[in-house]
Each structure stands twice: as structure tokens, then as C-alpha cells.
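Enquirer: What follows is a predicted protein model with its sequence.
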Amino acid sequence: MSLGYNGLLADIYWTRAVQYFGNRHMARAQEYDMLDPLLDITVSLDPKLKPAYSSVLFFFRKNRHKAPAGPTWRSNWWGGVSRAAR
């Protein structure tokens, strides 16, 4: 479906996740329902996108919310960071 542009689409979804977080944070929202699906799509498209993994802690620590249990980004958490760092 991405016609070989997985990395580009992952960058777009990552940008959307950052914008979503920023908008919700500025609005002092209590819920971040779309953050987990955006991160999940991002790492599904590009498991080596290091910022998607390294910033997740910031997102949830900054808001003092419990990180959601997204299937893909959680299962790829350490593997994605270590592969991207190589």
C-alpha cells in the first residue's frame, strides 16, 4: 500500500504523532487516545525509526500518564532502538 515508501510514510506518521501530542499537551488534555495508534503505525512502517522509540518515554513521562500497551511499538521497543543505533 505504501508503494515502497515505508520510511517516508513513517516520518509523516511520526510528525503527526508529535503534532498530536503537542496540541493535546497545550490544551491540557487528560486523554491522548490517538497517540498509541499513531506510534503503532509509525513503527510498523519503519521499525528502525529511532526517534519514535526514544521520545515515547518523554511523551508519557511529561504527562505522567501510563504508557498504552500498543502491540507493535512495545514489542519492538528495545529491538528498534538497538537496530537503529547500529
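Expert: Received it, and whenever you're ready, just let me know what you need.
Enquirer: And for residue 47, the neighbour number?
Expert: For residue 47, the count of nearby residues is 19 (other C-beta atoms under 10 Å). Placement of C-beta: from N, CA and C, glycine included.
Enquirer: any idea how far residue 8 is from it?
Expert: For residue 47, the distance to residue 8 (C-beta to C-beta, to the nearest Å) stands at 15 Å.
Enquirer: Then residue 46?
Expert: Noted for residue 46: a distance of 9 Å to residue 8, by C-beta to C-beta.
Enquirer: These two - which one has more neighbours?
Expert: For the pair residue 46 and residue 8, the greater number of neighbours falls to residue 46 (20 against 13), based on other C-beta under 10 Å.
Enquirer: pretty sure that one is touching residue 39, no?
Expert: No. Contact status for residue 46 versus residue 39: not in contact, 11.7 Å apart, counting by C-beta atoms under 8 Å.
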